[in-house]
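Asks: sequence and predicted structure are below.
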Amino acid sequence: MRTCSSISLSGGQGKTTTIFFTSLLLARLGLRVLTIDADPQANLTFYLNHEVDPNQPSLFEVLTGQVTTEDGIYPTTHENLFLIPADRGLFKVSDFLSSSGTGAFILKLRLKSVANIFDYVLIDVQPSRSQLCLTAVGTSDYVIIPVEANVKGTNSLIDTLSFLTEQANLMAFTGRVLGIVPFRDRWVGNTQTLEGRQNIEAMREFALDIPILPSIRESEKFKSAIRQGKLLSDLGQSDLQYPFEQIIEALTHE
């Protein structure tokens, strides 16, 4: 079982979009995929059309050990794709993780019991230096960093790389960054805008030897596909699906 987190320390950077389409693609390939919504905003849970009932366990109960990991996993409407959902109660987990003494490794420990069930675990991570982010990093074999193709995105990339370096120095992150994915890259027809090119070049300077993967273009088609629970190729937009195919290419050939 390989674990990959989508991490960026600013909101609106494309983390959930990246996890949604990458997980659907992996599942379509016949691989068993577990997605984990590690963000109290619960956007991934919403995208996968799951609603947590008051008496149902979510990631909060899994992390705190109130239920087994298996009892916190739900099937989605997509074959081979499963979810540990989030709800607003997940905000309360920080106190537990910070006082446990092993907060950075709790998610990794919880996932051991399902390691033989799934091929991949993909985690959508809260966009902050939170205890949730720490425990996601602690369990990750790989990290994808989506960032907007603008100044805000470049600043988010700098902060995220600094955070991951800190965690690596503490031996809390022992995986590696699989790649950086520019998000909302603006194109006019088949031509990338000057702003997009300049910002992606700036990202290369800070990325050093980390690959810059194909960018996710700005398009309303992503929202349409998410609303319908479909891949972009299902809507005749295979060109927009290419970045997620390349993420899978990098992930499956590790």
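Replies: On my side now, so go ahead. Keep in mind that this is a model prediction, so the values were computed, not measured.
Asks: show me what the longest helix along the chain is packed up against.
Replies: Taking DSSP state H as the criterion, the chain has its longest helix at helix 151-169. Applying 3 or more C-beta pairs under 8 Å, 6 or more residues apart in numbering; DSSP states H and E, we find helix 151-169 packed against helix 131-139, strand 142-148, strand 176-185, helix 194-207. Quick note: C-beta positions are derived from backbone N, CA and C, even for glycine.
Asks: let's see it as CSV, backbone CA atoms only.
Replies: This file holds the C-alpha atoms of helix 151-169, laid out as CSV (Å, rounded to 0.1, in the frame of the first residue of the first chain):
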residue,chain,number,x,y,z
VAL,A,151,2.1,34.9,-6.7
LYS,A,152,0.0,33.5,-3.9
GLY,A,153,0.7,30.0,-5.2
THR,A,154,4.5,30.6,-5.4
ASN,A,155,4.4,31.9,-1.8
SER,A,156,2.4,28.8,-0.7
LEU,A,157,5.0,26.6,-2.4
ILE,A,158,7.8,28.3,-0.5
ASP,A,159,6.0,27.8,2.8
THR,A,160,5.1,24.2,2.1
LEU,A,161,8.6,23.2,1.0
SER,A,162,10.0,24.8,4.2
PHE,A,163,7.5,22.9,6.3
LEU,A,164,8.3,19.6,4.7
THR,A,165,12.1,20.2,5.1
GLU,A,166,11.5,20.9,8.8
GLN,A,167,9.6,17.7,9.2
ALA,A,168,12.2,15.7,7.3
ASN,A,169,14.9,17.1,9.6
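Asks: picking up where we left off before, of all the helices and strands packed on helix 151-169, which one is nearest Ala86?
Replies: Proximity to Ala86 (C-beta to C-beta) singles out helix 131-139 among these, at 9.2 Å.
Asks: what sits up against the closest one?
Replies: With C-beta atoms under 8 Å, 6 or more residues apart in numbering as the test, helix 131-139 has contacts from 3, 5, 7, 9, 36, 38-40, 63, 90, 93-94, 97-98, 103-108, 111, 121, 123, 125-126, 143, 163-164, 167, 172-173.
Asks: again, but for stretch 169-178
Replies: Taking C-beta under 8 Å, 6+ apart as the rule, stretch 169-178 contacts 3-4, 104-105, 134, 137-138, 140-145, 161, 164, 167-168, 210-211, 247, 250-251, 254.
Asks: kindly provide the distance from the closest residue in space to Asp87 that isn't next to it in sequence to Arg176.
Replies: Closest residue to Asp87 apart from its sequence neighbours, by C-beta to C-beta, 6 or more residues apart in numbering: Val52 at 4.5 Å. Noted for Val52: a distance of 33 Å to Arg176, by C-beta to C-beta, to the nearest Å.
Asks: now the residue nearest to Leu232 when sequence neighbours are not counted: which helix or strand?
Replies: Among residues not flanking Leu232 along the chain, Gln241 sits closest, at 4.1 Å (C-beta to C-beta, 6+ apart). If you go by DSSP states H and E, Gln241 is part of helix 238-252.
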